[in-house]
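> attaching a predicted model along with its sequence, questions to come.
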Amino acid sequence: MKCPYCGEPDTRVVDSRLTEEGAAVRRRRECPGCGRRFTTYERLEEPPLLVVKKDGRREVFSRAKILAGVLKACEKRPIRMDQVEDLVGRVERAVRQQFGGAGEVPSAAIGERVMDELRRLDAVAYVRFASVYREFKDVSGFVAEVEGLLGRRPGVSEQGGTCR
């Protein structure tokens, strides 16, 4: 593998391990030219899957787009990169299992799956993602989402009264 820093054509693998529940191999590599290290991932190449957007447009499924959204939601949270990678891997596998034969997946199914995974990983990251994904129009939608996360019925305080 070519070094992304200096362009050296041959790098060596210093560590390999399974990741994403065995669906990928993570390799740490070192460049003999500049001595820097970098990480590569080896995954099975899957047939293309089309995502059907809310407006009916179709685009090729992008793992990178899911990763970018999850990283944004997890910003400044105590979440390791390997946890994020595993989450994205689980979402991709679930989507491919459920919709792979059809060749098309609704974007809503991807968003809901990401939210399910984030809910289990980190409540703050979940709420951040939900606020963008669900496109809250006002604070009440946001409050209802947080109350649902806390296990309360939306609009009802802990004392049983209605929230205002």
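Received it, and whenever you're ready, just let me know what you need. What you see is a predicted model; the values in this text were computed from it and never measured.
> from now on I want contacts and neighbour counts done on CA atoms only, so please keep to that.
Noted.
> dihedrals phi and psi, the most centrally placed residue in the chain?
Centroid-nearest residue in the chain: residue 88, 3.8 Å away (criterion: Cα atoms, centre = their mean). Backbone torsions of residue 88, given as degrees, to the nearest 10, read phi -60, psi -40.
> what does residue 52 give?
phi -90, psi 110.
> how many other residues sit next to residue 81?
11 (other Cα atoms under 10 Å).
> contact partners for the residue nearest to the centre of the chain?
When contacts are counted by Cα atoms under 8 Å, 6 or more residues apart in numbering, residue 88 touches 63, 66, 67, 70, 114.
> residue 133 too?
Applying Cα under 8 Å, 6+ apart, the residues contacting residue 133 are residue 111.
> give me that answer again for 10 Å
Contact analysis of residue 133 by Cα atoms under 10 Å, 6 or more residues apart in numbering lists 69, 108, 111, 112, 114, 115, 127.
> adjacent strands (with direction) for the strand or helix carrying residue 105?
Secondary structure from DSSP states H and E places residue 105 in strand 104-106. Its sheet considered, strand 104-106 pairs with strand 50-52 (parallel) by DSSP bridges.
> go through the following helix or strand past the strand it pairs with and flag the buried ones.
Next helix or strand after strand 50-52 toward the C-terminus (DSSP H and E): strand 58-60. For strand 58-60, the neighbour count (16 or more other Cα atoms under 10 Å) marks residue 58 as buried.
> what mean pLDDT does strand 58-60 have?
The pLDDT scores in strand 58-60 average 95.
> what's next to it, contact-wise?
48, 49, 50, 51, 52, 53, 104, 105, 106, 107.
> separation between the second one and residue 85?
Residue 49 sits 20 Å away from residue 85, taking Cα to Cα, to the nearest Å as the criterion.
> go on, the last one?
Applying Cα to Cα, one obtains 20 Å for the distance of residue 107 from residue 85.
> and what of the third one?
Counting by Cα to Cα, the gap between residue 50 and residue 85 amounts to 21 Å.
> those two: which is more packed in?
residue 50 (20 against 16).
> wait, that one touches residue 106, no?
Yes - with contact defined as Cα atoms under 10 Å, residue 50 counts as touching residue 106 (8.5 Å).
> any common contacting residues for those two?
58, 99.
> domain ranges for the protein?
1-44, 46-133 (automatic domain parsing).
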